[in-house]
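Enquirer: quick one, fold the following:
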Amino acid sequence: MKNIVLIGFMGTGKTTIATRLAHRLGMKYVSTDDLIERRERRTINEIFKSSGEDYFRDVESSVIRDICCIDGQVIDTGGGAVIRDENLSNLKSNGIVICLTADEQTIMERTKKYKHRPLLNCEDPKRRIKDLLAKRAPLYARADHTIDTGKLTVRQVVEEIVRIVEESKSKKS
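Expert: Got it, this is the predicted structure:
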């Protein structure tokens, strides 16, 4: 089975949805952020602090290149994985890409208690969310499907993804 890839901004529910979806479908759950931290033997915050965002993005691209050719995974990507065209191309090469979205207020509520989000460790995180969302919107729009998680339960989102995957399978037969 092809991969199911979740992209989207931080706080849209990618990790929660991906783990539940993998369990529901009996697939392997893979987090690109976890793989980056394992490969680097340090946290994403530490990578950003000591090596910078460009270095982090290089490692992220390498991890995505490595995992995209393995079948049967639910892949949870970092929010900025779409910044590089090569990442989305690689993920789409062997997977159905689904973007999870939410409005700014929902994202702010979901992320405010987490200090491990290096791009929100700033003076005005709400403004940063607004700016990053605007900048990344055209990149997220390149997903095969989009689901707004703001008003749905985890179960509803998982079932919607299962429906999308089943529908895409039946179109190919």
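
Enquirer: beta-bridge partners for the residue lying closest to I164 once chain neighbours are set aside, please?
Expert: Counting by C-beta to C-beta, 6 or more residues apart in numbering, H145 is the residue found nearest to I164 once chain neighbours are left out, at 5.2 Å. For glycine as for every other residue, the C-beta is placed from the backbone atoms N, C-alpha and C. When bridges are called by DSSP bridges, H145 pairs up with I98.

Enquirer: heads up, I number from 39, so please use that
Expert: In the new numbering, first residue 39, that becomes H183.

Enquirer: residue ranges with poor pLDDT in the chain?
Expert: 151-160, 210-211 (pLDDT under 70).

Enquirer: mind listing the strands for the chain?
Expert: 41-46, 66-69, 111-114, 133-139, 183-186 (DSSP state E).

Enquirer: which one of those strands lies nearest to R76?
Expert: Closest to R76 of the strands of the chain is strand 66-69 (C-beta to C-beta; 9.8 Å).

Enquirer: can you give me the helices for this protein?
Expert: 52-63, 70-78, 82-89, 91-105, 123-131, 142-149, 163-178, 192-210 (DSSP state H).

Enquirer: so which of the ones you listed is the most packed in?
Expert: helix 52-63 (a mean of 19; mean count of other C-beta atoms under 10 Å).

Enquirer: can I get that helix in PDB? Just the C-alpha atoms.
Expert: C-alpha atoms of helix 52-63 as PDB (Å, rounded to 0.1, in the frame of the first residue of the first chain):
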ATOM      1  CA  LYS A  52      -0.800  15.700  12.300                       C
ATOM      2  CA  THR A  53       0.900  13.600  15.100                       C
ATOM      3  CA  THR A  54      -2.300  12.700  16.900                       C
ATOM      4  CA  ILE A  55      -4.200  11.900  13.600                       C
ATOM      5  CA  ALA A  56      -1.200  10.000  12.100                       C
ATOM      6  CA  THR A  57      -0.700   7.700  15.100                       C
ATOM      7  CA  ARG A  58      -4.500   6.900  15.300                       C
ATOM      8  CA  LEU A  59      -4.700   6.400  11.500                       C
ATOM      9  CA  ALA A  60      -1.700   4.100  11.500                       C
ATOM     10  CA  HIS A  61      -3.300   2.000  14.300                       C
ATOM     11  CA  ARG A  62      -6.700   2.000  12.500                       C
ATOM     12  CA  LEU A  63      -5.200   0.800   9.200                       C
END
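
Enquirer: residues contacting that helix, please?
Expert: For helix 52-63, contacts defined as C-beta atoms under 8 Å, 6 or more residues apart in numbering pick out 42, 44-46, 65-67, 69, 111-115, 117, 138, 187, 192-193, 195-196, 199-200, 203.

Enquirer: circling back: and among the strands of the chain, the most buried is which?
Expert: In terms of average neighbour count - mean count of other C-beta under 10 Å - the standout among the strands of the chain is strand 41-46, at a mean of 27.
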